[in-house]
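Undergrad: kindly generate the corresponding structure for this input.
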Amino acid sequence: MDQRIDSAVNIRVEDTGGPGRPVVLIHGWPLSGEAWAHQLPALRDAGFRVITYDRRGFGRSDKPNHGYDYDTLADDLEAVMDDKDLRDVTLVGFSMGGGEVARYISAHGEDRLHSVVFASAVPPFMMKTDDNPGGPLDEDKAEKMEADLKQNRATFFEGFTKNFFTANGDLKVSEPERQMAISLCEQSDQTAALKCMEAFGTTDFRDDLKKITVPTLVIHGDSDGVVPIEGSGERTHRMVPGSEMHVIRDAPHGCNVSHADDFNSALIEFLRK
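TA: A predicted model of the protein is given here:
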């Protein structure tokens, strides 16, 4: 279904329905809600109501030329939650989507929430700065990513998806799975892709994480070459008191696809608490 967020933007939402407790899955960059295909059957079979949506600018949602900052993206998430009248929700944010989880709590509070999950997620702060020396992204690398995406999208997505699914020099998914990821990347709007690249690279979520009090799980591959665990997942785990951490061994960034059984098992065990 399409859900109208404001007068200009429709967000594509998929809802499995049913009486189970709701789980909202927030996809990574530059994919869409279809990136959760390996999670949907397992979560449905476990009895949960699963809601996915395509971030504005991606997948089948509208592609405006504005609204790609995390404040607006968190408002989009709240609009989806409000439209569905969701309560007792678990938010699962993958990669860029982890930023929406953190900013959502900061902007909208935890009244609707049961728990949250950060999966291969970008918080607390990707960009390396003087006061964030542990940031895994430096300005030179960020500028090269931007330039490469502007120069040739097809070439960029070819390399990006290989890095996305590679750990310790080995591609951890089948070629059809990688090609599916490329097809989702190609659905992204170029303006959205560039502005969201800037957003996830430069947004500081450290203060947002301090506001989390609900149960929290961090899932991360130990061989993530896109959002390295040392600069992201491990730091988020340390910053959120009482959080749990599940490390997937020999797993790349896209561990929800490459190691779907391990990922799903850890996620469902947490969701049942």
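Undergrad: quick one: low-confidence ranges for the chain?
TA: Along the chain, segments meeting pLDDT under 70 span 1-7.
Undergrad: all the helices of it, residue numbers only.
TA: For the chain, the helices defined by DSSP state H cover 40-45, 70-84, 96-108, 139-151, 153-164, 175-186, 190-202, 206-209, 233-239, 255-258, 260-271.
Undergrad: and these: which comes nearest G221?
TA: Comparison of the helices of the chain against G221 by CB to CB identifies helix 255-258 as nearest, at 4.1 Å. C-betas here are computed from N, CA, C, even on glycine.
Undergrad: other SSEs contacting the closest one?
TA: If you count contacts as 3 or more CB pairs under 8 Å, 6 or more residues apart in numbering; DSSP states H and E, helix 255-258 packs onto strand 216-221, helix 260-271.
Undergrad: contact partners of the last one?
TA: The set of residues that contact helix 260-271 without belonging to it, under CB atoms under 8 Å, 6 or more residues apart in numbering, is 21, 23, 38-39, 42-43, 46, 48, 90, 92, 115, 117, 119, 215, 217, 219, 244, 246, 248, 251, 255-256.
Undergrad: circling back to that earlier point, looking at the helices of the chain, which is nearest to I11?
TA: helix 70-84 (6.1 Å).
Undergrad: so what touches the closest one?
TA: Helix 70-84 is contacted from outside by 3, 5, 9, 11, 13, 15, 22, 24, 26, 51, 53, 55-56, 66-67, 89, 91, 99-100, 103-104, 106-108, 112, 199, 203, using CB under 8 Å, 6+ apart.
Undergrad: which residues touch stretch 197-216?
TA: 29-30, 68-70, 73, 95-96, 99, 102-103, 105-106, 110, 113-118, 122-127, 132, 137, 142, 145-146, 149, 236, 239-240, 242-244, 270, 273.
Undergrad: sort out which residues of that stretch are buried, please.
TA: By neighbour count on 16 or more other CB atoms under 10 Å, the buried set for stretch 197-216 is M197, A199, F200, G201, T203, F205, D208, L209, I212, V214, P215, T216.
Undergrad: residues in a beta bridge with the residue lying closest to V24 once chain neighbours are set aside, which ones?
TA: In space, and not counting its chain neighbours, V24 is closest to I51: 4.8 Å by CB to CB, 6 or more residues apart in numbering. Under DSSP bridges, the beta-bridge partners of I51 are D15, V24.
Undergrad: so I51 touches D15, yeah?
TA: Yes. With contacts counted by CB atoms under 8 Å, I51 reaches D15, the gap being 4.9 Å.
Undergrad: the more surrounded of those two?
TA: I51 (21 against 18; other CB atoms under 10 Å).
Undergrad: next, the contact list for the more buried one, please.
TA: Counting by CB under 8 Å, 6+ apart, I51 has contacts V13, E14, D15, T16, P22, V23, V24, L25, V80, K84, L86.
Undergrad: what is the burial count for the closest residue to V92 other than its chain neighbours?
TA: Spatial nearest neighbour of V92, excluding adjacent residues (CB to CB, 6+ apart): V117 at 4.2 Å. For V117, the neighbour count with other CB under 10 Å is 28.
Undergrad: CSV for the helices of the chain, including distance to R60?
TA: Output for these, formatted as CSV (distance: least, CB to CB, whole Å):
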stretch, distance to R60
helix 40-45, 16
helix 70-84, 14
helix 96-108, 17
helix 139-151, 21
helix 153-164, 18
helix 175-186, 11
helix 190-202, 13
helix 206-209, 28
helix 233-239, 30
helix 255-258, 20
helix 260-271, 23
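Undergrad: out of the ones you listed, which gets nearest to G225?
TA: helix 153-164 (5.5 Å).
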